[in-house]
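Enquirer: Let's see this in three dimensions:
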Amino acid sequence: MDPVTLTSIFSIGSKLIDKLIPDPQAKAQAQLELLRMQQAGELDNMKVQLSAIIAEAQSSDPWTSR
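Expert: Sure, this is the predicted structure:
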């Protein structure tokens, strides 16, 4: 997922939390969980990208592995 989409989803989720959760402590907890979910998604995205780079680097084809 691209960074713009992730940012949009986070923004919408944050606005929903602000409107739906009146308790400040519960609101802070929900926003923290939303941040964790966002970071986990970005980390998974990086893992996929790096695995593709590593696979290309280990290729036996000299044009692919350069």
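Enquirer: how about the helices of the chain, start to end?
Expert: 3-20, 24-57 (DSSP state H).
Enquirer: Redo these as JSON lines? Include mean neighbour count, distance to Thr64 and mean pLDDT.
Expert: In this view, the C-beta of every residue, glycine as well, is placed from N, C-alpha and C. Listed next are those as JSON lines, based on neighbours: other CB atoms under 10 Å; distance: least, CB to CB, whole Å; pLDDT from 0 to 100:
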{"stretch": "helix 3-20", "mean neighbour count": "12", "distance to Thr64": "27", "mean pLDDT": "77"}
{"stretch": "helix 24-57", "mean neighbour count": "12", "distance to Thr64": "5", "mean pLDDT": "84"}
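Enquirer: want to try TSV for those helices, with distance to Trp63 as columns?
Expert: As requested, the helices of the chain are exported to TSV (distance: least, CB to CB, whole Å):
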stretch	distance to Trp63
helix 3-20	30
helix 24-57	10
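Enquirer: Show me how far stretch 31-39 is from its chain's centre.
Expert: 9 Å (CA atoms, centre = their mean, to the nearest Å).
Enquirer: what does stretch 44-51 give?
Expert: Using CA atoms, centre = their mean, the offset of stretch 44-51 from its chain centre is 11 Å.
Enquirer: Please shift the residue numbers so they start at 5 in all later answers.
Expert: I'll keep to 5 as the first residue from here, and by that count the last item is stretch 48-55.
Enquirer: Send me it as PDB with only the CA atoms.
Expert: This file holds the C-alpha atoms of stretch 48-55, laid out as PDB (Å, rounded to 0.1, in the frame of the first residue of the first chain):
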ATOM      1  CA  ASP A  48       5.500  -5.400   6.400                       C
ATOM      2  CA  ASN A  49       5.700  -3.300   3.200                       C
ATOM      3  CA  MET A  50       9.400  -2.700   3.700                       C
ATOM      4  CA  LYS A  51      10.000  -6.400   4.300                       C
ATOM      5  CA  VAL A  52       8.300  -7.200   1.000                       C
ATOM      6  CA  GLN A  53      10.400  -4.600  -0.900                       C
ATOM      7  CA  LEU A  54      13.600  -5.800   0.700                       C
ATOM      8  CA  SER A  55      12.900  -9.400   0.000                       C
END
